[in-house]
Structures are given as structure tokens and as C-alpha cells.
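Asks: model the following, please.
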Amino acid sequence: MPEQQGAQAQRPERAARGEHTHGEPGGDRPAADELTLGEPAPLDERAPRRTVRRTSVRGQVLDALRAALVGGELAPGEVYSAPALGERFGVSATPVREAMQQLAVEGAVEVVPNRGFRVTRRGARELGELAEVRALIEVPVMLRLARTVPAEQWSRLRPLAEATVAAAACADLARYAEADRAFHGALLGLAGNRQLVQVADDLHRRSQWPLVTGPVTGRRADLVADAAEHMALLEALIARDLPVVQSLVREHFAGGDA
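Replies: Residues are numbered from 1 along each chain as shown. This next block holds a predicted model:
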């Protein structure tokens, strides 16, 4: 009995530190590692058992970290701990650590034992190499598609190109990065090769972060120019103007921010 009373006395203190133990009630708020969707309906004992689906906090944290990397909020060369980032996002350190491990696989951060994760420094040479590899993959595919895809299919991509223009006008790098990848992914998706789209998207994401220059203040003009190339490329594809398509595609990748 004394042991049980001691364990019960420790629970409030452990909960105050954000720790979670299996089998303990979560209080008035859900566990930090998961968010419950909606109110549970009354249980019917006769109904078949179903798996309860919950939104992934890890996925939300991963998206937030990616946005922070692209936007320069997490500076290249700096080390960030999972508990500190967890406090920043209002979650436990576990989903942050899992998300950071994924970013380490993608090359955006590197593990620093007993300290956390250091944001990778990516220089002009590496960014140039990534742009070159992307061009080798994407340019031939786009030129082939320009000869075969009908104009109405290209026209359906107009909202995606316009989304890059809107994000550029706001100088919102995180939003622009997502819109940019969505546009390029949709273009390549018309080839019907999912492996191609996945490889190209991974290279594209790696070329977007972390920025050597940190926050994007003053880069609005570059984003606007890049987005304008998206619109011009789409118009040329719709018109099936192959010489213009070839020129725009090669110029777009040569700019390094494609």
C-alpha cells in the first residue's frame, strides 16, 4: 500500500513535466503524441470492432519543422534540442525527435549526440549540383510531355501555377516551397511514373532548404520572377510552343530556385 500511495503521489509531478506513462489517465487534454478527432459516439457492444484513427502529431510537427527550415527560422549550423522544439510547438519531445530523424534522412539536419540536431549548412556548390541533377531528370520529361499532352490537361494546372504567384507576392517562402513542389509534381505526374515524381520531389525538397542566407527578407523579387516563369511555361505548354518551352525549362533550372 505505501508503494502504491507513493506512485500515485508522483503522477501529478510527472504529468507537470509533460511525461506520459501507459495506463495513466490523460486528464482533460489528449496525449501529446496524438490528437483525437471529434467526440466518441456511444459504444454498441453488438457492433464490429473498428480501429480508431487519429491525426498524426508527428506529421504535423514534421510539416512545421519543414516550414521553419525553409523560412529560415531554424538557422543553418545551429543545434536544436527535441525538448526545446517540443515546448515551442506545444507537444512532447517524442514526435519532434521522430520528425527530426526523418529530416536527418532527408539531409536537412544531422544528429548531434546528447545535444540534438544541427541544421545542415548547404553551400552554392551543393545547391548547384542538386539543380543539375533535377534538370537531367525533369527537362527531358517535360519536353516529351510538351509534345504529347493535350492543351486542356495543361490548363488544369493553372491554379497550381497561380498559387506560386500568390505565395511569391507575399514573400512567404514556406508557402511558396509547397506551391512550387506541387506545381512541378503535377507537371511530372502527367508522365504517369510515380517513382519519377517521388525522386524528383525528394531532390526538389533538398534544394529548398536550409537556406544559407537564413530568413528570406529581400528575396521577394526572386520568388516573383520564379513564379512568373511557371506561368510563362504553362502558357507555352498550352500553346504547344516547343522552342519556348525548351528555353523556359532550361532557364528555370539554371536559375537555381526552380
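Asks: where along the chain do the strands fall?
Replies: 34-35, 55-56, 79-80, 109-112, 116-119 (DSSP state E).
Asks: nearest to L136, out of these?
Replies: Nearest of these to L136, taken as Cβ to Cβ: strand 109-112 at 26.6 Å. Bear in mind the C-beta positions are built from the backbone N, C-alpha and C, glycine included.
Asks: list of residues touching that closest one?
Replies: Strand 109-112 is contacted from outside by V79, M100, Q101, L103, A104, F117, R118, V119, T120, using Cβ atoms under 8 Å, 6 or more residues apart in numbering.
Asks: how much space separates the residue lying closest to the third one once chain neighbours are set aside from A75?
Replies: I take that to be Q101. Distances taken as Cβ to Cβ, 6 or more residues apart in numbering put V111 closest to Q101, at 7.9 Å, once the chain neighbours are dropped. The gap separating V111 from A75 is 17 Å, by Cβ to Cβ, to the nearest Å.
Asks: which stretches of the stretch 151-258 of the chain form helices?
Replies: 151-155, 158-169, 173-189, 194-208, 220-239, 242-254 (DSSP state H, counting those that start in this stretch).
Asks: what's the least confident stretch among these?
Replies: Lowest mean pLDDT within the helices of the stretch 151-258 of the chain: helix 242-254, at a mean of 88.
Asks: could you give me the buried positions within that one?
Replies: Neighbour counts over helix 242-254 (16 or more other Cβ atoms under 10 Å) mark V244, V245, L248, V249, H252, F253 as buried.
Asks: still on that earlier bit, what's opposite the residue nearest to Q101 in the beta bridge?
Replies: F117 (DSSP bridges).
Asks: now do the contacts for L85.
Replies: L65, A93, V96, M100.
Asks: change it to 7 Å
Replies: Residues in contact with L85 (Cβ atoms under 7 Å, 6 or more residues apart in numbering) are V96.
Asks: save the buried residues of helix 242-254 as TSV, and put in distance to L85 too.
Replies: Listed next are the buried residues of helix 242-254 as TSV, based on distance: Cβ to Cβ, whole Å:
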residue	distance to L85
V244	46
V245	43
L248	40
V249	38
H252	34
F253	34
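Asks: number of residues surrounding Q102?
Replies: Counted with other Cβ atoms under 10 Å, the neighbours of Q102 add up to 16.
Asks: leaving out the residues flanking it, which one is nearest to it?
Replies: Nearest residue to Q102, sequence neighbours excluded (Cβ to Cβ, 6+ apart): L62, at 6.0 Å.
Asks: hmm, that neighbour is touching A99, no?
Replies: Yes. Checked against Cβ atoms under 7 Å, the pair L62 and A99 is within contact range at 4.0 Å.
Asks: so these two - more neighbours on which side?
Replies: Per other Cβ under 10 Å, whichever of L62 and A99 has more neighbours is A99, with 27 against 20.
Asks: surely the more buried one and G59 touch.
Replies: No. Checked against Cβ under 7 Å, the pair A99 and G59 is beyond contact range at 8.1 Å.
Asks: just to revisit the earlier point, return the most buried member of the helices of the stretch 151-258 of the chain.
Replies: helix 173-189 (a mean of 21; mean count of other Cβ atoms under 10 Å).
Asks: most tightly surrounded among the strands of the chain?
Replies: strand 116-119 (a mean of 21).
Asks: which secondary structure elements does that strand contact?
Replies: strand 79-80, strand 109-112 (3 or more Cβ pairs under 7 Å, 6 or more residues apart in numbering; DSSP states H and E).
Asks: other SSEs contacting the first one?
Replies: Helices and strands touching strand 79-80, by 3+ Cβ pairs under 7 Å, 6+ apart, are strand 116-119.
Asks: what pLDDT, on average, does the strand it packs on get?
Replies: 94.
Asks: and the contacts of it?
Replies: 69, 74-82, 100, 104, 109-112, 210.
Asks: W154 and E235 touch, don't they?
Replies: No. If you go by Cβ under 7 Å, W154 and E235 don't touch, sitting 8.9 Å apart.
Asks: domain-wise, how is this structure divided?
Replies: Using automatic domain parsing, the domain ranges for the chain come out as 55-119, 124-254.
Asks: thanks a lot, catch you later.
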